[in-house]
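Asker: please find the sequence and the predicted model below.
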Amino acid sequence: MSAAPLPPADTLRIAVAQIASRVGDIAGNAAKIRQARDEAGRQGADLVVFPELSLSGSPLRDLARNPAFQAACRREAEALAAESATGPALLIGTPWREGTALHNAVVLLDGGAVSAIRFKVDLVPDGPFGETHLFTAGPHPGPMVLKGVRLGVPVGTDIAGGDVAECLAETGAELLIVPAASPYHRAVYDVRANHAVARVVETDLPLLFVNAVGGQDGAVCDGASFALNADRFLAMQLPNFQDRVRLTQWERFSNGWRCMEAPRADRLDGIQADYAACVRALKDHAAQSGAALALVDLSAGLASAVAGALAVDALGPSQVRGLILRPSAPHHQLRDAGEIAGTLAIQCDTLETAPLAQALADALTPLHSEAAPLLADAGERVRAVVLAAAADVRNALLVCTAPRAGSDLAACGTQARRVFAPLSDLDPADVAAFARLRNGWKPVGSLGPEGVAIPEHLVDLPHDPAAALRARLADPGVSVALLVAEGFDPALVERLAEAVRAPHARCPAPPGVALTQQALGRIHEMPLLHAFREIG
């Protein structure tokens, strides 16, 4: 005789596992899931909810198409399921092949088995998190059942519209749980709040949103998981850009479920969120790339100081080293470079590049009659080569100091095996704002100095007009004619437009941090960094 079904629970303890999963590192991600499961189990959790694609990492891009990768994800999910005979149930995200269709799935692991599977319905159409070319959309789902409670599980962007949540409510869901891998951008909190509140109002159900955290390929998921009760009261808020495993307690009342006990942390907004996003993205990229330390060119003035501060905040001063290239920078910038290194408490190396630049110019002299412009151009090219070579020799991550639309120029040293551009979605005014912010504040967990981290006299220096123009030209909606009409020198605008918009100039741009929705639109077919290796 089969056992009688358990009566519905009146209390449900749900642990929120806001974790960072690395793309392709199935074993490492499973270890994080087990660690969070054990921690939540000690707190008495009935269920541990993980983000979307928590087992595989995200965004997968074309790695999702690899059959060996799909099979490895499934094996690990089934191994985790077998371990669920004791301890809390787990709700994890993973690619899941059903017949000929590959789905973005959430899998409920309970009682030693895969208890239920749901497939994402509203797939992201394009961008770095684009899914429609990778996954098959699932059917409109019904609820999962745990301890007699009917859980509606829309996945990520399933809550962007009302159809999935409405279907779940109509089929008996009592609580909406949303595993997500939602990247940060400046408008994201308004977007998420609008979606979540709309679904709560439409269904009259509470909602728990569990987001991933961590950087990958230029995007950074910010965490900031939250819960709304059916009356739209914010019952839980986790911090952004930090890993957390926290317990929430839900109780059933005559009018439905309500989150009664949960943490309410502060959430960074505005420029503080932008800065924290850059720190987290740089930290994770350095770890994923396997770099032993970070190198920063300190001869680019304020941009060098801000990039250096981000690197030190992410990795600590012992893991960051400065470079001064002579005579690539004017004398005052060389003096500033030493001050930047001292303020950040990092060691610094000085490299002489003049002989290399002169040798290159001499070699090219038969092709060009004017020595001065040839030598200047050779100096920039040599600078790029030296930066890349220095990073490769030291097994280091080269931290590119160029802001928006400067990160695609040769001077960044983009040929280094490991390079990252934390300022790539900032214009010069944003860089100055970062400097002012950092001298009075730093994110929780930052490893850089307290107080002033950037020499004050650099902050108020006038912006380079060419840098500001490059930033504006990076916007496809800004024309050369518009800038000339505003009074900019036509020859300068034309020259910079050619450099910024030429496809061959954009291609070597290093990965950076997307802070705007426009920057999130960049598409790569494969993840830039991933840990999956097929054996045999």
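Answerer: Perfect, thanks for sending it.
Asker: burial measure for the nearest residue to D163 once chain neighbours are set aside, as a count.
Answerer: Setting aside the residues directly before and after it, D163 is nearest to H140 in space (Cβ to Cβ, 6 or more residues apart in numbering), at 6.8 Å. (Each C-beta comes from the backbone N, C-alpha and C, glycine too.) Other residues lying near H140 total 15 when counted by other Cβ atoms under 10 Å.
Asker: try F135
Answerer: Other residues close to F135 by other Cβ under 10 Å number 21.
Asker: and what of E486?
Answerer: E486 has 9 neighbours, counted by other Cβ under 10 Å.
Asker: check which helix or strand covers V382.
Answerer: In the assignment (DSSP states H and E), V382 maps to helix 371-393.
Asker: and if you look at G342?
Answerer: Here G342 is assigned to helix 331-344, by DSSP H and E.
Asker: quick one: that helix to chain centroid distance?
Answerer: Relative to its parent chain, helix 331-344 has a centroid offset of 30 Å by Cα atoms, centre = their mean, to the nearest Å.
Asker: pretty sure A311 sits in a helix.
Answerer: Yes. The assignment for A311 by DSSP: H, G, I helix; E, B strand; the rest coil puts it in a helix.
Asker: export stretch 470-480 as PDB, just CAs?
Answerer: Output in PDB follows, covering the C-alpha atoms of stretch 470-480 (Å, rounded to 0.1, in the frame of the first residue of the first chain):
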ATOM      1  CA  ARG A 470      34.900  59.100 -28.400                       C
ATOM      2  CA  ALA A 471      32.300  58.300 -25.800                       C
ATOM      3  CA  ARG A 472      29.600  60.100 -27.700                       C
ATOM      4  CA  LEU A 473      30.600  58.600 -31.000                       C
ATOM      5  CA  ALA A 474      30.100  55.200 -29.500                       C
ATOM      6  CA  ASP A 475      26.400  55.900 -29.500                       C
ATOM      7  CA  PRO A 476      25.000  55.000 -33.000                       C
ATOM      8  CA  GLY A 477      22.500  57.800 -32.700                       C
ATOM      9  CA  VAL A 478      25.100  60.500 -32.600                       C
ATOM     10  CA  SER A 479      26.300  61.700 -36.000                       C
ATOM     11  CA  VAL A 480      29.400  63.400 -37.100                       C
END
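Asker: average pLDDT for that stretch?
Answerer: If you average the pLDDT over stretch 470-480, you get 72.
Asker: in it, what's buried?
Answerer: 470-474, 480 (16 or more other Cβ atoms under 10 Å).
Asker: returning to what we had before: residues touching the residue nearest to D163, list them.
Answerer: 121, 163-164, 167 (Cβ atoms under 8 Å, 6 or more residues apart in numbering).
Asker: filter the residues you listed down to the ones in helices?
Answerer: 163-164, 167 (DSSP state H).
Asker: can you lay out those as a markdown table showing pLDDT and neighbour count?
Answerer: Shown next, in a markdown table, are the ones in helices among the contacts of H140 (pLDDT from 0 to 100; neighbours: other Cβ atoms under 10 Å):
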| residue | pLDDT | neighbour count |
| --- | --- | --- |
| D163 | 98 | 13 |
| V164 | 98 | 26 |
| C167 | 98 | 20 |
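Asker: looking at those residues, which is nearest L238?
Answerer: V164 (23.5 Å; Cβ to Cβ).
Asker: surely the closest one is in contact with R118?
Answerer: No. V164 is beyond contact range of R118, at 9.8 Å (criterion: Cβ atoms under 8 Å).
Asker: show me whatever sits in contact with both of those two.
Answerer: P141.
Asker: between the contacts of H140, which sits nearest V200?
Answerer: For those, the nearest to V200 is V164 (13.7 Å; Cβ to Cβ).
Asker: hang on, the earlier thing: show me which pair in the buried residues of stretch 470-480 is furthest apart.
Answerer: Across those, no pair lies farther apart than A471 and V480, at 14.6 Å, counting by Cβ to Cβ.
Asker: how much space between G223 and A359?
Answerer: 50 Å (Cβ to Cβ, to the nearest Å).
Asker: what about these two, which has more around it?
Answerer: Taking other Cβ under 10 Å, G223 and A359 do not tie; G223 has more neighbours (28 against 12).
Asker: sorry, back to before: same for the helix holding G342, what does it pack against?
Answerer: Where contact means 3 or more Cβ pairs under 8 Å, 6 or more residues apart in numbering; DSSP states H and E, helix 331-344 is packed against helix 302-315, strand 320-326, strand 347-352.
Asker: redo the ones you listed as a markdown table? Include mean pLDDT.
Answerer: Output for the helices and strands packed on helix 331-344, formatted as a markdown table (pLDDT from 0 to 100):
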| stretch | mean pLDDT |
| --- | --- |
| helix 302-315 | 97 |
| strand 320-326 | 91 |
| strand 347-352 | 91 |
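Asker: looking at those, which is buried most?
Answerer: helix 302-315 (a mean of 28; mean count of other Cβ atoms under 10 Å).
Asker: tell me the angle of that one relative to strand 320-326?
Answerer: 160 degrees (axes from the mean of the first three to the mean of the last three Cα atoms, to 10 degrees).
Asker: next one: helix 302-315 to chain centre, how far?
Answerer: Taking mean C-alpha positions (Cα atoms, centre = their mean), helix 302-315 and its chain are 18 Å apart.
Asker: need the contact list for P179.
Answerer: 49-52, 54, 91, 93, 106, 153, 155-156, 210.
Asker: skipping its backbone neighbours, what lies nearest it in space?
Answerer: Nearest to P179 is E52, by Cβ to Cβ, 6+ apart, at 4.6 Å.
Asker: contacting residues for that neighbour?
Answerer: Shown in contact with E52 (Cβ under 8 Å, 6+ apart): 58, 93, 104, 106, 120, 155-156, 179-181, 212.
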